[in-house]
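Student: fold the following.
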Amino acid sequence: MDGRPSFRQVVSSPSSLAETVSTSEYSCIALSLSLSLSLSLSLSLSLSLSLLLASHQYFTLPQLQY
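Tutor: You can find the predicted model right below:
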């Protein structure tokens, strides 16, 4: 027993069912928060990478023309 209520205990007592629902709700919120955070992080990373590439091409193009 690791402290979590078994299925029979959850069915017999509605309060533990509500607790289980609230904890799963919190984990769902945490999952969506971490997902949006990683999405915005990867978006900003790709944006800065494309900016870096564009500035690199901008600085190397005049040198190639000579």
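Student: would you map the helices across the protein?
Tutor: Under the criterion DSSP state H, the chain contains helices at 7-12, 14-65.
Student: least confident of those, on average?
Tutor: Mean pLDDT per stretch puts helix 7-12 lowest among these, at a mean of 56.
Student: what number of residues are in the vicinity of Phe59?
Tutor: Around Phe59 there are 9 other residues, counting by other C-beta atoms under 10 Å. For glycine as for every other residue, the C-beta is placed from the backbone atoms N, C-alpha and C.
Student: again, but for Tyr58
Tutor: Residues near Tyr58, counting by other C-beta under 10 Å, number 9.
Student: with Thr20 instead?
Tutor: Applying other C-beta under 10 Å, we find 15 residues neighbouring Thr20.
Student: any idea how far Ser36 is from Glu25?
Tutor: 17 Å (C-beta to C-beta, to the nearest Å).
Student: likewise for Ser55?
Tutor: Remark: distance between Ser55 and Ser36 (C-beta to C-beta) = 28 Å.
Student: next one: Leu52
Tutor: From Leu52 to Ser36 the distance is 24 Å (C-beta to C-beta).
Student: before we move on, what about Ser48?
Tutor: 19 Å.
Student: same deal with Ser24?
Tutor: To Ser36, Ser24 is 19 Å away according to C-beta to C-beta.
Student: Leu53 too?
Tutor: Noted for Leu53: a distance of 26 Å to Ser36, by C-beta to C-beta.
Student: what of Ala54?
Tutor: Distance from Ala54 to Ser36, counting by C-beta to C-beta: 27 Å.
Student: same question, Ala30
Tutor: Relative to Ser36, and taking C-beta to C-beta, Ala30 is found at 11 Å.
Student: what about Leu45, neighbour count?
Tutor: Taking other C-beta under 10 Å as the criterion, the count of residues near Leu45 is 10.
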